[in-house]
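In: Sequence unavailable; structure follows:
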């Protein structure tokens with residue numbers, strides 16, 4: 001199974017998720033997303049290579065959105081092939097969705113950086129740096 005990856009760029013965490021997100025890997029992805037939104041100012045979920053996302057994947061994204069809202073983290077999505085499902089469930093009304101990572105526009109945010117706890121949790125959840 002392909003794992004998610006967490007890459008740090010300035011104050012942004014980019015979580016690259018696998019080509020297929022379903023019940024077999026959604027919990028791992030949810031754990032990585034929750035760890036990232038706990039400590040970062042901006043988290044971008046890169047779904048640009050994702051071609052399939054079922055309801056378990058959507059639930060993982062929405063759990064991250066709820067936690068991001070509570071921590072003040074800016075959560076963004078990059079998606080093309082799975083844009084239809086995200087739009088059908090209304091995720092586009094709650095989370096900005098962009099066609100590429102380069103097209104999202106960062107806004108000035110606090111200078112929070114990742115701490116060892118969230119990054120360690122993300123790595124433990126199968127995310128590689």
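Out: In hand now; what should we look at? Fair warning: this is a prediction, and the values are worked out from it, not measured in the lab.
In: Going by C-alpha atoms from here, please, whenever you check contacts or count neighbours.
Out: Will do.
In: Can you report phi and psi for residue 42?
Out: Phi and psi for residue 42, reported as degrees, to the nearest 10, are phi -140, psi 130.
In: Could you tell me what pLDDT the model assigned to it?
Out: With respect to pLDDT, residue 42 scores 93.
In: is it true that it touches residue 15?
Out: No. Using Cα atoms under 8 Å, residue 42 makes no contact with residue 15, being 10.8 Å away.
In: top helix in the protein by residue count?
Out: Counting by DSSP state H, the longest helix found in the chain is helix 55-71.
In: all strands for this protein, in order.
Out: Using DSSP state E, the strands found in the chain span residues 5-9, 12-16, 20-21, 42-47, 52-53, 74-79, 97-98.
In: Check which helices and strands the second one sits against.
Out: This means strand 12-16. Using 3 or more Cα pairs under 8 Å, 6 or more residues apart in numbering; DSSP states H and E as the contact criterion, the elements in contact with strand 12-16 are strand 5-9, strand 42-47.
In: show me where pLDDT drops low in the protein?
Out: In the predicted model of the chain, residues 1-11, 103-129 satisfy pLDDT under 70.
In: Quick check, central residue of it?
Out: Among the residues of the chain, the smallest C-alpha distance to the mean C-alpha position (Cα atoms, centre = their mean) belongs to residue 45, namely 3.0 Å.
In: how much space is there between it and residue 96?
Out: Taking Cα to Cα, to the nearest Å as the criterion, residue 45 is separated from residue 96 by 11 Å.
In: where do the contact lists of these two overlap?
Out: For the pair residue 45 and residue 96, residues contacting each of them under the criterion Cα atoms under 8 Å, 6 or more residues apart in numbering are 75-77.
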